[in-house]
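Q: Okay, predicted coordinates and the sequence, questions at the end:
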Amino acid sequence: MSEFTGERVIPGQVDIDLFNEHMARYAFAARLARGKRALDAGCGAGYGSGELARAGALSVMGIDSAADAIEYARTHYQAPNLAFEQASCSALPFADGGFDLVVAFEVIEHLDDWRGFLAEARRTLAPNGQFIVSTPNKLYYGENPFHVHEFEFAEFREELRAVFPHVSLYLENHVEGVTFRPHEADNTVEVRVDPGDAAPEESHFFVAVCAHRPQLGNPTFVYVPRAGNVLRERERHIALLEAELAQKNAWLETAKSNLAALQDEHEKQTEALERSNRWADELNAEIAERRARVVQLQEELRATTEGYTARVASLEEDVREKIEWADKLNAEVARQTGELAKAVSALHETEKELENRTAWAHGLDAELRVAKDQLTLYRESRWVKLGRKVGMGPAFPAS
């Protein structure tokens, strides 16, 4: 279901005066709708399209870019000569000259490409057709967050004249009047409007009737809605305001009670805060004292560090000297180790030579013993002994 957002009008969901203000524009256009092919551009909830259809239009097409608005319109306003379609006002999906009457109430100020919409309205308007467009007075209503571009009277008039050769402008105001209506039904209506200067800068809305060709007549139009009893509506409005005031008074009493509770709580919180502040002051003093101690310790640590640094430097120098001495000692040990290796190698050679000579001596000794044994055997031989006796044979030493 569509909801009143503060900009789109939903019948039954808005103040009756606001609804009448919007409905009056459709009543103004309905006089020109009989037997016409009508387009309601930016139809919203569809109540205005329904009014044009009831006024005797040949056909009425209501378009809006919002899907929920079209769904609401199709559900609540149905007639053989009435249809609704979701479409953009800046790109109307209709043939050139397809409509005798195009209306766009409170639409142009919502469009980024409002000049494109004016061109589209002219394109789809039949040669004898009329385009009726309205917009709020920027000077009267001020800025609206739903609006893209708002108009003052002079700008609105010039922009329309730049597109349409014939433009008739009307000033719409929600005015107070007095009606005399017969108790018995009668179709005759007489209206008296006191003369006065029309002031565009003071008007609520601007309404323009635009056409390709000159238009006849420029009458003042007065719309008296069914709910047009001003005093009755004011009494209802006063009753609503009184109910709202009573509700707000009740809220105010509740707010006062809540405020008293909050003040009591505030006092408690203030007392607690003061205790916390005292504790914080004591804590700050203790922190300051500890910071001073930290500074003292940092100074002592700096002095100790300097002493340690000097001692470490001395130890490093001593270690360096000992490393140099150790390097020299290692070099000497390596040299002597090389000489010792050479001596060991020579000793091994000597031992090997000694072993060889010992073996050679042992061989000679063995040969000597064999020779001695043979010599002994030779001496003891009877043949040798016999030769010695006869003076023959070799002479042998005694030993």
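A: Received the coordinates, thanks.

Q: Now the residue minimising distance to the centre of the chain: phi and psi?
A: Relative to the mean C-alpha position of the chain, the nearest C-alpha, by C-alpha atoms, centre = their mean, is the one of Pro145, at 23.0 Å. Per-residue torsions, Pro145: phi -60, psi -20 (degrees, to the nearest 10).

Q: Report pLDDT for it.
A: For Pro145, the pLDDT comes out at 83.

Q: If the closest residue to Ser203 other than its chain neighbours is in a bridge, with which residues?
A: Closest residue to Ser203 apart from its sequence neighbours, by C-beta to C-beta, 6 or more residues apart in numbering: Leu171 at 3.9 Å. (C-beta placed from N, C-alpha, C; glycine too.) With DSSP bridges as the criterion, Leu171 is bridged to Phe206.

Q: who does the host helix or strand of Trp360 touch, helix- and strand-wise?
A: For Trp360, the element it lies in under DSSP states H and E is helix 230-379. Helices and strands touching helix 230-379, by 3 or more C-beta pairs under 8 Å, 6 or more residues apart in numbering; DSSP states H and E: there are none.

Q: centre of the chain versus that helix, how much separation?
A: Counting by C-alpha atoms, centre = their mean, to the nearest Å, helix 230-379 is centred 45 Å from the centre of its parent chain.

Q: and the closest residue to Leu18 other than its chain neighbours, how many neighbours does it have?
A: Excluding the flanking residues, the one nearest Leu18 by C-beta to C-beta, 6+ apart is Val9, at 6.8 Å. By other C-beta atoms under 10 Å, the residues close to Val9 number 19.

Q: how about Val9, what does it touch?
A: Val9 is in contact with 18-19, 22, 44-45, 47, counting by C-beta atoms under 8 Å, 6 or more residues apart in numbering.

Q: How many neighbouring residues does Pro225 have?
A: Pro225 - counted by other C-beta under 10 Å - has 15 other residues nearby.

Q: Going by distance to Asp64, which of the contacts of Val9 wins?
A: The shortest gap between Asp64 and any of the contacts of Val9 belongs to Gly44, at 6.0 Å (C-beta to C-beta).

Q: Please tell me I have it right and the closest one contacts Ala69.
A: Yes: between Gly44 and Ala69 there is a contact under C-beta atoms under 8 Å: 5.4 Å.

Q: do you know how far Ser65 is from Gln78?
A: 21 Å (C-beta to C-beta, to the nearest Å).

Q: let me redo that: Glu316
A: Distance of Glu316 to Gln78, given as C-beta to C-beta: 104 Å.

Q: repeat for Asn173
A: Counting by C-beta to C-beta, the gap from Asn173 to Gln78 is 33 Å.

Q: Kindly report the same for Glu106.
A: Distance of Glu106 to Gln78, computed by C-beta to C-beta: 24 Å.

Q: Could you do Val102 as well?
A: Going from Val102 to Gln78 by C-beta to C-beta gives 22 Å.

Q: quick one, the worst-scoring helix or strand of the chain on mean pLDDT and helix 230-379 angle?
A: Within the chain, no helix or strand scores below helix 382-389, which has a mean of 73 by mean pLDDT, DSSP states H and E. Comparing the axes of helix 382-389 and helix 230-379 via axes from the mean of the first three to the mean of the last three C-alpha atoms, to 10 degrees yields an angle of 50 degrees.

Q: More neighbours: which of Glu316 and Gln78?
A: Gln78 (13 against 10).

Q: Could you count how many residues lie near His183?
A: His183: 5 neighbours (other C-beta under 10 Å).

Q: What strand or helix carries it?
A: Using DSSP H and E, His183 sits in no helix or strand.

Q: Mind pulling up the pLDDT for it?
A: pLDDT for His183: 72.

Q: Next: the one 5 residues further on.
A: According to the per-residue confidence, Thr188 scores 74 in pLDDT.

Q: ok so, going back, tell me the spacing between the residue nearest to the centre of the chain and Glu109.
A: Applying C-beta to C-beta, the value for Pro145 to Glu109 is 12 Å.

Q: Map the structural domains onto the sequence of the protein.
A: Listed domain ranges for the chain are 16-227, 316-372 (source: automatic domain parsing).

Q: three-state assignment of Ala38?
A: Counting by DSSP: H, G, I helix; E, B strand; the rest coil, the backbone at Ala38 sits in strand.

Q: That one bridge partners, please.
A: Bridge pairing for Ala38 (DSSP bridges) gives the partners Val60, Leu101.

Q: ok, now which ones touch Asn173?
A: Going by C-beta under 8 Å, 6+ apart, Asn173 touches 203-205.

Q: need those in JSON lines with neighbour count and distance to Leu92, can you?
A: Conversion of those to JSON lines gives the following (neighbours: other C-beta atoms under 10 Å; distance: C-beta to C-beta, whole Å):
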{"residue": "Ser203", "neighbour count": "18", "distance to Leu92": "29"}
{"residue": "His204", "neighbour count": "14", "distance to Leu92": "28"}
{"residue": "Phe205", "neighbour count": "21", "distance to Leu92": "23"}
